[in-house]
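J.: Quick one, structure for this:
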Amino acid sequence: MAPVVGVHGIGQQLLADAGLVDDWAPSLIGGVRLAGGQLRRDGVGMAFYGDLLRSPGRPLAVADVRYTAADVDEGLEQDLLLAWWREATRVDATVPGPDSRTLLRTPGLVQTGLRVLSRMPYFADVALRAMIADLKQVRRYLLEPGIRERVWDRIDTAVGPDTRVLVGHSLGSVAAYAWLWHHSESPVTTLVTVGSPLGIRDLVFTRLRPPPDLAGGTRPGLGRWPGTVRNWTNVADRGDIVALEKDLRPLFGLRVDCHVVHNGSHAHDARPYLTSVEVGSAVTAGLAGDG
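T.: Here you go, the predicted model:
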């Protein structure tokens, strides 16, 4: 098994583990090299779960699922869209923001939010229907019975006795965090989260399994520490509206090593995160046994 295992994010349902490894490995190798370390191609594995979130019933591409603004469900999907929209206005002052009328959650306002986000980096190359599919994937992982456990099973399969570093991108960071907490005997000692939505308190954080110790416990008000991990590094781009809370320490404690980077026009893309010296340093330390 590979010493470094990646857990991908949303929108990968039409790919496969081999293709994602081919995508991730060169970037991770480059980041590790920048940090003065070494990583081989066969040292990178992938916990692939995209097929679990593929539209059921028939093997359609995203383009064949004719989502419209009316398909953005009330509750988590609309709330997450609104959170992304508000973050987009914070990142870019030229982006028109939602006003008090947004609280009405009308289809027209959902349509406006989707249109605004479609002009932002990362989402600029994402079709409206694919953006809606991304919202639905987050909702399914967090709320649909059995989905998160099936995703954890895929991480089970990818992690072996030699695995030391788990790298989670976007929704994959949520899955990686939860899997580690549920595996107290895991060989993984380093967690690296990139473009993570873990800090979105009301929409993601409070829905974690295990739940945060909001009512007391050993870490009152904080998320539980992820299992066997000795070092947790979180990296977020300033313009990444999916990772709208860049600093995870208020919710998970001061042990989380947080960094802000600049990925250019691809703020949420996994690859520029993986090539960063911040990620490379964290992976290098984990492989050396310092994580």
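J.: My guess is Y49 contacts R150. True?
T.: Yes: with contact defined as Cβ atoms under 8 Å, Y49 counts as touching R150 (7.3 Å). Every C-beta, even on glycine, is put in place using the N, C-alpha and C of the backbone.
J.: and the two? which has more neighbours close in?
T.: Y49 (25 against 13; other Cβ atoms under 10 Å).
J.: Contact partners for that one?
T.: The neighbours of Y49, taking Cβ atoms under 8 Å, 6 or more residues apart in numbering as the test, are V7, H8, R150, V151, R154, I155, A175.
J.: Any of these buried? List them.
T.: V7, H8, V151, R154, I155, A175 (16 or more other Cβ atoms under 10 Å).
J.: wait, what's in contact with the fourth one?
T.: Contact partners of R154, counting by Cβ under 8 Å, 6+ apart, are A47, F48, Y49, L52.
J.: Equivalent analysis for the last one, please.
T.: Listed by Cβ under 8 Å, 6+ apart, the contact set of A175 reads V7, A47, Y49, Y141, R148, V151, W152, I155, G168.
J.: Helix, strand or coil: sort out it for me.
T.: A175 falls in the helix class when you classify it by DSSP: H, G, I helix; E, B strand; the rest coil.
J.: List the residues that contact the residue nearest the centre of the chain.
T.: The centroid of the chain falls nearest to S170 when counting by Cα atoms, centre = their mean (1.2 Å). Residues counted as contacts of S170 (Cβ under 8 Å, 6+ apart) are H8, G9, I10, V194, G195, S196, P197, V242, A243, H268, A270.
J.: now, the most widely separated pair of the contacts of Y49?
T.: Using Cβ to Cβ, the pair of the contacts of Y49 lying farthest apart is H8 and R150, separated by 14.8 Å.
J.: Please identify the buried residues of the helix or strand of the chain with the lowest mean pLDDT?
T.: The least trusted helix or strand in the chain, going by mean pLDDT, DSSP states H and E, turns out to be helix 107-117, with a mean of 73. Neighbour-count burial for helix 107-117, counted by 16+ other Cβ under 10 Å, picks out L109, V110, T112, G113, L114, V116, L117.
J.: my read: the second one touches A69, true?
T.: Translated: V110. Yes: using Cβ under 8 Å, V110 is in contact with A69, at 4.6 Å.
J.: Return the closest of the contacts of R154 with respect to V283.
T.: A47 (15.8 Å).
J.: So what's the residue count around the closest one?
T.: Neighbours of A47 under the rule other Cβ under 10 Å: 26.
J.: so where's this structure uncertain?
T.: The model of the chain has pLDDT under 70 over residues 13-17, 55-66, 99-108, 118-129, 214-220, 290-291.
J.: for it, what's the longest helix?
T.: helix 17-34 (DSSP state H).
J.: Name the residues that touch that helix?
T.: With Cβ under 8 Å, 6+ apart, helix 17-34 has contacts from 4, 6, 8, 12, 38-41, 44-48, 158, 167, 270-272, 274-277, 279-280, 283-284, 287.
J.: Tell me how far V256 lies from L39.
T.: 23 Å (Cβ to Cβ, to the nearest Å).
J.: and if you look at R271?
T.: Here the criterion is Cβ to Cβ. By it, R271 lies 15 Å from L39.
J.: neighbour-wise, which of the two wins?
T.: Neighbours per residue (other Cβ under 10 Å) separate R271 from L39, with L39 holding more: 23 against 17.
J.: For that one, give me its contacts.
T.: By Cβ under 8 Å, 6+ apart, L39 lies in contact with V4, L28, I29, V32, R33, V283, T284, L287.
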